[in-house]
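Undergrad: Using only what follows, build the 3D model:
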Amino acid sequence: MNRLVAGAAVGSALIVAQPFLSSAQTRSGVGRPRMIEVSSAAPEHNAQLSSLIVQIRSEADAFVFLSGGAANMRTDHQRKLLAMFEALALVAKGGLRIAVGDGGTRAGIMEAAGRARRASGDAFPLIGVAPAREVQPRGKTPLDPNHSHIVAVDNPSAPAHDSWGSETATMYWLFAKLSEGRPSVTIVANGGGITLQEVESNVRAGRRMILIEGSGRAADALVSLLHQTKVTDPEVVSLRDQAVTAALIRRPELFGVVLLQDGAPGLRDAITAAIGRPASLVAPK
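TA: Reported below is the predicted structural model:
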């Protein structure tokens with residue numbers, strides 16, 4: 001994910017820079033997102049992260065993950081794309097207990113997800129995962145204040161000048177732990193090379209994905225492969241070539257498509273169809 005917190009990790013030990021707030025405190029608007037910094041070397045050994053997984057799984061029956069961004073788009077198309085993520089609030093208000101995971105920064109679809117959470121009355125947990133070196137306070141990129149949790153990943157092997165993408169393995173390890181044995185879906189909008197890496201992680205996990213056609217870049221490259229249509233934009237052509245090399249469409253049954261003009265209701269319906277409805281919400285026959 002193109003992801004435009006305080007704390008420190010020593011080895012695999014986790015140090016939290018501010019109190020670990022309860023869900024009730026977060027939802028009542030007390031404090032900022034709960035910020036955790038974790039080493040990528042052994043995230044499974046972090047007691048605080050393990051506690052977070054248990055907590056989120058107690059609050060959610062299904063999971064929605066976001067991949068991509070909203071770069072290099074026409075202003076009107078970008079506006080439509082960001083408005084689509086109101087679907088998250090619609091799904092939560094419809095009675096589904098979801099949790100959402102993304103890159104956590106104050107940009108693009110992640111900021112839109114934060115606005116949706118705020119508009120819903122904080123009806124769902126929203127967990128952002130970002131490289132610790134790039135986001136504030138260690139880096140320059142601001143975090144979205146409407147997330148419930150931020151997991152800042154310190155990857156010792158990441159290049160000092162650019163560690164974007166160095167958090168992907170930890171992100172998808174965490175997403176797998178959160179959604180283990182439960183329905184999950186990833187929404188792919190726009191995005192670049194890192195988004196294609198995340199699509200590969202989803203394919204390996206056998207997770208369903210919703211591609212937003214018309215959002216450009218990586219998402220449109222994947223749609224063109226799925227539908228065997230031609231593309232002419234040079235960046236989309238390049239991303240399509242990368243997707244072909246990586247055989248990202250090797251499991252076409254994992255992919256669904258929603259049109260940009262379908263808006264939030266269309267995305268809500270696609271999410272609901274992908275994750276299903278818990279038994280408690282199904283009317284008895």
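Undergrad: Let me see the ranges of the strands in the stretch 101-250 of the chain.
TA: For the stretch 101-250 of the chain, the strands defined by DSSP state E, counting those that start in this stretch cover 126-131, 149-154, 184-189, 208-213.
Undergrad: can you list those in CSV and add distance to Glu86, mean neighbour count and mean pLDDT?
TA: C-betas here are computed from N, CA, C, even on glycine. Compiled in CSV, these are given as follows (distance: least, Cβ to Cβ, whole Å; neighbours: other Cβ atoms under 10 Å; pLDDT from 0 to 100):
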stretch, distance to Glu86, mean neighbour count, mean pLDDT
strand 126-131, 14, 28, 96
strand 149-154, 21, 26, 95
strand 184-189, 13, 27, 98
strand 208-213, 14, 23, 98
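Undergrad: Determine which of these approaches Ser67 most closely.
TA: Closest approach to Ser67 among the strands of the stretch 101-250 of the chain is made by strand 184-189 (5.0 Å; Cβ to Cβ).
Undergrad: quick one: the helices in this protein?
TA: Under the criterion DSSP state H, the chain contains helices at 23-27, 47-59, 75-84, 87-93, 108-119, 168-179, 193-205, 217-227, 234-245, 263-275.
Undergrad: Present those helices as TSV; the columns should include mean neighbour count, distance to Ile187 and mean pLDDT.
TA: Below are the helices of the chain laid out as TSV (neighbours: other Cβ atoms under 10 Å; distance: least, Cβ to Cβ, whole Å; pLDDT from 0 to 100):
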stretch	mean neighbour count	distance to Ile187	mean pLDDT
helix 23-27	14	23	45
helix 47-59	15	18	95
helix 75-84	16	9	97
helix 87-93	23	9	96
helix 108-119	24	8	97
helix 168-179	21	13	95
helix 193-205	20	11	96
helix 217-227	23	9	98
helix 234-245	16	17	98
helix 263-275	19	7	97
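Undergrad: now for these, which one comes closest to Asp102?
TA: It's helix 108-119; of these, that one is closest to Asp102 (Cβ to Cβ) at 4.7 Å.
Undergrad: ok, residues contacting that closest one?
TA: By Cβ atoms under 8 Å, 6 or more residues apart in numbering, the list of residues contacting helix 108-119 from outside reads 1-4, 66, 68-71, 81-89, 100, 102-106, 123-124, 126, 128, 144-148, 187, 189-190.
Undergrad: before we move on, the earlier item: now render the strands of the stretch 101-250 of the chain as CSV, adding distance to Glu235.
TA: Converted to CSV, these look like this (distance: least, Cβ to Cβ, whole Å):
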stretch, distance to Glu235
strand 126-131, 23
strand 149-154, 27
strand 184-189, 15
strand 208-213, 16
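Undergrad: For Val223, which of those strands is the nearest?
TA: strand 208-213 (4.7 Å).
Undergrad: and that closest one, which strands flank it?
TA: strand 184-189 (parallel), strand 255-259 (parallel) (DSSP bridges).
Undergrad: Give me the distance from that strand to the chain's centre.
TA: Mean-position distance between strand 208-213 and its chain equals 13 Å (Cα atoms, centre = their mean, to the nearest Å).
Undergrad: Check stretch 237-245 too.
TA: Computed by Cα atoms, centre = their mean, the chain-centroid distance of stretch 237-245 equals 22 Å.
Undergrad: For that stretch, list the C-alpha coordinates in PDB.
TA: Extracted C-alpha coordinates of stretch 237-245, given in PDB (Å, rounded to 0.1, in the frame of the first residue of the first chain):
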ATOM      1  CA  VAL A 237       0.700  -0.900 -19.000                       C
ATOM      2  CA  SER A 238       3.900  -1.200 -16.800                       C
ATOM      3  CA  LEU A 239       1.900  -2.400 -13.800                       C
ATOM      4  CA  ARG A 240       0.000  -4.900 -15.900                       C
ATOM      5  CA  ASP A 241       3.300  -6.300 -17.200                       C
ATOM      6  CA  GLN A 242       4.500  -6.600 -13.600                       C
ATOM      7  CA  ALA A 243       1.200  -8.400 -12.700                       C
ATOM      8  CA  VAL A 244       1.700 -10.800 -15.600                       C
ATOM      9  CA  THR A 245       5.200 -11.600 -14.600                       C
END
